[in-house]
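> quick one: sequence and predicted model below, then my questions.
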Amino acid sequence: MPPGAVTRLRDDLVARGLVDGLPAAFAAGVTRFGRPPHAELDALTGAATDLAARLATGAVGEDDLPLLTRVLYTARQADLLARHGVPSPAYDVLGSFRENLERPLGPRLPERPTAGGRRWPLLGRTVGFPIGVPSCVLNGSAAWVRHNVANGWNVLTYKTVRGRAHPPNEAPNWIVAPGLTTSLPPGAGADVVSDPWDWVPPGSPAVSSVNSFGVPSPEPEEWMADLSRAVAAVGHEQLLLVSVMGEDPEGTGEAAALAADFARTARLAEEAGATVVELNLSCPNTLDRSAAGVKPPLCLDADATVAVVEAVRRQLDDRTGLVAKLSWLDRERLAALVPRLAPLVDGIAGINTVQSRVRRSDGTPTFPGRELAGLSGIAVRESALDFTRRLVALREAGGVPFDVLAMGGVTDPASFEALFAAGADAVQSAAGAFADPLLARRCVDELGETLPRSVEVE
Ligand SMILES: Cc1cc2nc3c(=O)[nH]c(=O)nc-3n(C[C@H](O)[C@H](O)[C@H](O)COP(=O)(O)O)c2cc1C
């Protein structure tokens, strides 16, 4: 943490006249999507009021940084934290999807972390240190891509876009799950308790989160223009993939209609400058009229999945890379699907979030109208390791090469290294990047000189 950060933040808050309003702004944030039980609310607002009083008199010290971080973030003053180099969660959970698309949160490093020019092979190119942010709202716009590149994230997957505009699910959309601080067994979801005011300190490696966005998308005209800017924003050390998803717009229920829409959307991404397209075959958050409110991921249906990937491969230019993103699949399902996908793709990515039942501590659904949401972070770490090991073994056994983009539960250098050692060609982090926007730098600092499998580049 930057030395003297609390004093500098305090002086800045005083100069801006923000101290008096902090307790009320904090309380508004805490209660934005529901009211904590009385005792909890009293304790939270009491702590914020006490902090504000001490900020006013100058009686604060470095020990106050964790509370000050929570109060400023919840009072929607995360930009102030960033200005003084103090990390906050990288997404404003109190803001709308749109607001967040346009406004990356968190500090931006003055110098991009690099592994001293070392390069690793990926999808027919080479990249710098092979860590990145997968398809998620933290890569939802050119502004985010620029921000992530500056902070050392090299393998960036532009957030899933669709062939027509699609609104986000009702907020809240993304919340931490402080009760889940260790990994669940492979493939296991959980009955998650997550309240909208929950908090995990930034940088904590024991972070889990739940999200339910519903794969929102701007209309193609808008995202294609933004995507072109994002493509222009990445340098020779980075690779930008673009995630797309198709729909069955007329509701015919036919795989061919879905496949055609996937292919059309992939072509739009290619037209906008994408050199690698990733197919989101694994979303656990697509709305449905079923009792649970959401559909199971498409990749559970192997025939439909293969039909989609074949249709896309036929439509794309031969030079455009193609990656299939899967969710955690059991032994039989993965072993049946991978040999069918391998000849069609350049890479397989996974895992997506694990569909789980999510409730508030009072038993009501955390996300209004949706009982199921996507769980990720440390809770799915074993799922990701198990999936990656089996995927790499299937690659070796099958003899048809493809690259593996692994993700799930990467929240510190050791969890990055575990997936890389399992055979992944690149490793990405969503929940970890949310909790610690400077995670890429930590990984580069610790592993940049020793990570194996780098290549010489002319
Ligand atoms: C807030 C959020 C939004 C996400 N949106 C998408 C998406 O649009 N498309 C997609 O393929 N995966 C999406 N994912 C899944 C991530 O790309 C990743 O597969 C998953 O979160 C597991 O990684 P983690 O444990 O590092 O979070 C999203 C994940 C999060 C947390």
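That came through, no problem. Numbering: from 1, shown residues only.

> hey, let's count contacts and neighbours off CA atoms from now on
Will do.

> residues making contact with stretch 194-206?
29-31, 33-34, 36, 66, 70, 87-89, 172, 175-182, 207, 210, 358-361, 366, 377-378, 411-412, 432, 435-436, 439 (C-alpha atoms under 8 Å, 6 or more residues apart in numbering).

> show me the helices in the stretch 351-458 of the chain, by range?
Listed in chain order, the helices of the stretch 351-458 of the chain (DSSP state H, counting those that start in this stretch) span 381-398, 413-421, 431-435, 439-447.

> so which elements touch the third one?
Looking back up the chat, that one is helix 431-435. Applying 3 or more C-alpha pairs under 8 Å, 6 or more residues apart in numbering; DSSP states H and E, one finds that helix 431-435 contacts strand 372-377.

> do the same with the first one
Other helices and strands packing on helix 381-398, by 3+ C-alpha pairs under 8 Å, 6+ apart, are helix 331-341, strand 347-350, strand 403-407, helix 413-421.

> got a markdown table for the ones you listed, with distance to residue 316, mean pLDDT and mean neighbour count too?
A markdown table is the format used below for the helices and strands packed on helix 381-398 (distance: least, C-alpha to C-alpha, whole Å; pLDDT from 0 to 100; neighbours: other C-alpha atoms under 10 Å):
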| stretch | distance to residue 316 | mean pLDDT | mean neighbour count |
| --- | --- | --- | --- |
| helix 331-341 | 16 | 98 | 15 |
| strand 347-350 | 15 | 98 | 24 |
| strand 403-407 | 19 | 98 | 29 |
| helix 413-421 | 29 | 98 | 20 |
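
> of these, which is nearest residue 458?
If you check each of the helices and strands packed on helix 381-398 against residue 458 by C-alpha to C-alpha, strand 403-407 wins as the nearest, at 22.0 Å.

> flag the shaky bits of this structure, pLDDT-wise.
In the predicted model, the chain carries pLDDT under 70 at residues 284-294.

> which residues touch the residue of it positioned farthest from its centre?
Of all residues in the chain, residue 57 sits farthest from the chain's C-alpha centroid, using C-alpha atoms, centre = their mean; the distance is 39.7 Å. Applying C-alpha under 8 Å, 6+ apart, we find residue 57 in contact with no residue.

> so how far is the ligand from it?
Taking C-alpha to the nearest ligand atom, to the nearest Å as the measure, residue 57 and the ligand are separated by 39 Å.

> tell me how far that residue lies from residue 395.
Shown here: residue 57 relative to residue 395, a distance of 63 Å by C-alpha to C-alpha, to the nearest Å.

> could you list the residues of the stretch 151-300 of the chain in contact with the ligand?
If contacts are counted using C-alpha under 6 Å from any ligand atom, the residues of the stretch 151-300 of the chain sitting beside the ligand are 159, 160, 174, 211, 215, 280.

> now the strands: where do they sit in the stretch 251-400 of the chain?
In the stretch 251-400 of the chain, strands defined by DSSP state E, counting those that start in this stretch lie at 276-280, 321-325, 347-350, 354-359, 372-377, listed in chain order.

> what's the most buried one of those strands?
Relative to the other members of those, strand 372-377 carries the highest mean neighbour count by mean count of other C-alpha atoms under 10 Å, namely a mean of 29.

> quick one: it to helix 381-398, angle?
80 degrees (axes from the mean of the first three to the mean of the last three C-alpha atoms, to 10 degrees).

> for residue 127, which non-adjacent residue is spatially closest?
Once flanking residues are discounted, residue 127 sits nearest to residue 237: 4.5 Å by C-alpha to C-alpha, 6 or more residues apart in numbering.

> please report the distance of the one you found from the ligand.
Relative to the ligand, residue 237 is positioned 21 Å away (C-alpha to the nearest ligand atom).

> okay, now that residue: neighbour count?
Here the count is done by other C-alpha atoms under 10 Å, and residue 237 has 21 residues near it.

> show me the contacts for it.
By C-alpha under 8 Å, 6+ apart, the neighbours of residue 237 are 119, 126, 127, 128, 154.

> swap in residue 231?
Counting by C-alpha under 8 Å, 6+ apart, residue 231 makes contact with 142, 240, 273, 274.

> cool, and residue 306?
Here residue 306 is in contact with 340, 341 (C-alpha under 8 Å, 6+ apart).

> follow-up on the earlier one: among the residues of the stretch 151-300 of the chain next to the ligand, which pair sits farthest apart?
So for these, where distance means C-alpha to C-alpha, the most widely separated pair is 174 and 280, at 19.1 Å.

> could you chop the protein up by domain?
Residue ranges for the domains of the chain, per automatic domain parsing: 5-86, 113-447.

> out of those domains, which is the most enclosed?
When neighbours are counted by mean count of other C-alpha under 10 Å, the highest per-stretch mean among these falls to domain 113-447, a mean of 21.

> I'd say residue 140 and residue 104 touch.
No. Under the criterion of C-alpha atoms under 8 Å, residue 140 is not in contact with residue 104, lying 9.6 Å apart.

> on that earlier part again, any idea how far residue 150 is from the residue nearest to residue 127?
Taking C-alpha to C-alpha as the measure, residue 237 falls 11 Å from residue 150.

> before we move on, what about residue 80?
19 Å.

> please identify which of the helices and strands packed on helix 381-398 is closest to the ligand.
The ligand lies closest, by C-alpha to the nearest ligand atom, to one member of those: strand 403-407, at 4.9 Å.

> which of the contacts of residue 231 fall within helices?
Using DSSP state H to define helices, the subset of the contacts of residue 231 located there is residue 142.

> and the closest residue to residue 97 other than its chain neighbours, what does it touch?
In this structure, residue 97 finds its nearest non-sequential neighbour in residue 168, 7.0 Å apart by C-alpha to C-alpha, 6+ apart. With C-alpha under 8 Å, 6+ apart as the criterion, the residues that contact residue 168 are 97, 213, 214, 215, 216, 217.

> any chance of these in JSON lines, plus distance to residue 111 and secondary structure?
What follows is the contacts of residue 168, written out as JSON lines (distance: C-alpha to C-alpha, whole Å; DSSP: H, G, I helix; E, B strand; the rest coil):
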{"residue": "97", "distance to residue 111": "28", "secondary structure": "helix"}
{"residue": "213", "distance to residue 111": "32", "secondary structure": "coil"}
{"residue": "214", "distance to residue 111": "35", "secondary structure": "coil"}
{"residue": "215", "distance to residue 111": "33", "secondary structure": "coil"}
{"residue": "216", "distance to residue 111": "33", "secondary structure": "coil"}
{"residue": "217", "distance to residue 111": "32", "secondary structure": "strand"}
